[in-house]
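> mind folding the following:
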Amino acid sequence: MFALLASLLGGLGLFLHGMTTLTNGLKMAAGNSLRGILKKWTHPLYKGVISGFSITALVQSSSAVTVAVIGFVNAGIMDISRSIGVIYGANLGTTVTGWLITAIGYSVHIKSMALPLIGIGVFMRITGKNSRKGYLGDALTGFGLFFLGIELLQDGFGSLGQNLDLTALASGHFWTVPAFVGVGFLLTLVMQSSSGAIAVVLTAATSQMIGMESAAAAVIGSNIGTTSTAALSVIGATSNAKKVALGHIIFNIVTAAAALLLLPVLLRMVGIIQANVAFASGPAGTLALFHTVFNLLGILVMWPFTPRLVNFLENRISHAGPSHTKYLDKTLIDTPNLALDALGMELERIGRKLRKLLNNLLYQSREKLSSQTRLETLELIKACQGFAMTIQQNDVPFNLGSKIPTALRVCQYYRTIEESIRELHEMQVLLPATIPDNIRERIEEFMDECWYVLKLAQNPCAEDFENTDSKLDHLTGVYHRLKETLLRAGAENELDISRMVQLLDYYSLVHKTMERALKSTMYWLELRTREETCPTE
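Predicted coordinates for the structure are as follows:
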């Protein structure tokens, strides 16, 4: 019995590890390709369904696609209405696992296919390291482990069927179907993988441990079980992530309810299709076809109600308050390009806050800077620093890893700007009320130049932004003329020495803060690239 359990656990472990390695390898190898597909192919609804299905079929993980969708919604590349179509397609894409098991898992000698894939994949990983070649090697290795796990599961269930009697559970009573729905749900909940649960159900049905109706009910349960993954993934996440997850949960529950109500009809329909089409024979083929049919049914049922679903999601979950991050989401950490997109958007939001505070302080009402506002801004900056360091702890491609120090540098600029705003606010109280006209003219000239630099920092798409170095040099020149004027006024007793020092300190800090404001935007632009920030029509 111990050997049997070891075989089952080992097969399941290989299967899940293979799925994880395959998914991560393809995600990393794809790079920005995933971004391009989801950005361009998500509207109208049918394109979103096609995209969600295609990508899920490729990476063998609806969770990975859902995470990508969350990232694009957070980054403003995709709205909730577009994400719903991708979610529909991702659920349909999970049916490909069953077809893979049916077409390959039971029709060829698995080891003759799996072992070469593992060998080639490992060689590509060793020689490719953190390049696209290395990540494709991970995907091949994961694919091989995926099928080795299926073989061990098949052998284990074949032996288990001779020693385990499931007639009590599958006895045909009224509670048989709900019981197996629960089995599928629990398998997915424990493994956090609907593909893993479906593999277990398919191999159990092929080994004739359970009947077809019971296996179909378990497949429905596994579909419901994927909602647990979505629900767990958005604990403490952003409101956009919660909207996407809730849309996923609603779709899966409606689809499962429709499949349960029509279970006998769907099984008969599957039988008719099998009898007239020369494919999908055997229990595994029946279940793979059933899984596909009821997910298609779910899409057809939900399609007319999609606008209402979108409105419900938009109105049901409100955005977090100003003291919370809007774009950072822990579910994005395993997808570095999406995580960096979210980080760039959050940093842009903080930059706008700081520049608005600076503008109000120097040019508008000079309103009192509340400690609550400062605390909120500092918390946002700390959250971005922590998020960047968490990304860095993962396996990040070199071209993306080089952006993390840039993000941390932007955070440091923001922290310094925030401290300068506080100091400037305190220094304004001590500034002299009366200033000689010649000094006032220099101050106005300098502040006009600062206003222009601040405006430029706010708009990196402006044509003048290409010449930021010359703009900073010009600002420095204007500041030095103001400094010389103040020093001369102090030396000639035109201005009291203590007042001269106060003005020198104040405008020196203004000068440094404006430089930091523009440089922070320059470095932020390296995270997002000019093409993303300023798209051409």
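> what mean pLDDT does whichever strand or helix holds L9 have?
Counting by DSSP states H and E, the element that carries L9 is helix 2-30. For helix 2-30, mean pLDDT rounds to 66.
> again, but for stretch 423-437
In this model, stretch 423-437 has a mean pLDDT of 85.
> quick one: D469 and L347, what's the gap?
Using Cβ to Cβ, to the nearest Å, D469 is found at 22 Å from L347. C-beta here means a position set from N, CA and C on the backbone, and glycine is covered the same way.
> of these two, who's got more company?
Legend: neighbour count by other Cβ atoms under 10 Å for D469 and L347, higher for L347 (28 against 10).
> how far is the helix or strand hosting that one from where the chain is centred?
For L347, the element it lies in under DSSP H and E is helix 336-363. On the basis of Cα atoms, centre = their mean, to the nearest Å, helix 336-363 is displaced by 19 Å from the centre of the chain it belongs to.
> for whatever helix or strand comes next after that helix, which positions count as buried?
The first helix or strand that comes after helix 336-363 along the chain, using DSSP H and E, is helix 371-392. Going by neighbour count (16 or more other Cβ atoms under 10 Å), the buried part of helix 371-392 is T373, R374, E376, T377, L380, I381, A383, C384, Q385, F387, A388, I391.
> mind putting the residues you listed into a markdown table with pLDDT and distance to R125?
Shown next, in a markdown table, are the buried residues of helix 371-392 (pLDDT from 0 to 100; distance: Cβ to Cβ, whole Å):
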| residue | pLDDT | distance to R125 |
| --- | --- | --- |
| T373 | 72 | 49 |
| R374 | 72 | 48 |
| E376 | 83 | 44 |
| T377 | 87 | 43 |
| L380 | 91 | 38 |
| I381 | 93 | 37 |
| A383 | 91 | 34 |
| C384 | 93 | 32 |
| Q385 | 93 | 32 |
| F387 | 91 | 28 |
| A388 | 91 | 27 |
| I391 | 87 | 22 |
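> quick check, nearest of those to M514?
T377 (18.0 Å; Cβ to Cβ).
> let me see the contact set for that closest one.
Residues in contact with T377 (Cβ atoms under 8 Å, 6 or more residues apart in numbering) are I350, K353, L354, L357, Y414, E418.
> my guess is the first one contacts Y414. True?
Right, the one you point to is I350. Yes - between I350 and Y414 a contact is recorded at 5.7 Å, counting by Cβ atoms under 8 Å.
> so what sits against both of the two?
T377, I381.
> tell me if I'm right that L475 and W451 touch.
No - counting by Cβ under 8 Å, W451 is not a contact partner of L475; they are 10.7 Å apart.
> higher neighbour count, these two?
A direct count of neighbours by other Cβ under 10 Å for L475 and W451 places L475 higher, at 19 against 14.
> show me what the strand or helix carrying that one is packed against.
Under the criterion of DSSP H and E, L475 resides in helix 468-491. Secondary-structure packing of helix 468-491 (3 or more Cβ pairs under 8 Å, 6 or more residues apart in numbering; DSSP states H and E): helix 437-458, helix 497-528.
> skip the chain neighbours and tell me the closest residue to S228.
What sits nearest to S228 in space, not counting adjacent residues and going by Cβ to Cβ, 6 or more residues apart in numbering, is L189, at 4.9 Å.
> and that neighbour, how far from I272?
33 Å.
> which of these two has more neighbours?
Legend: neighbour count by other Cβ under 10 Å for L189 and I272, higher for L189 (18 against 10).
> for the more buried one, report the pLDDT, please.
Reported pLDDT for L189: 73.
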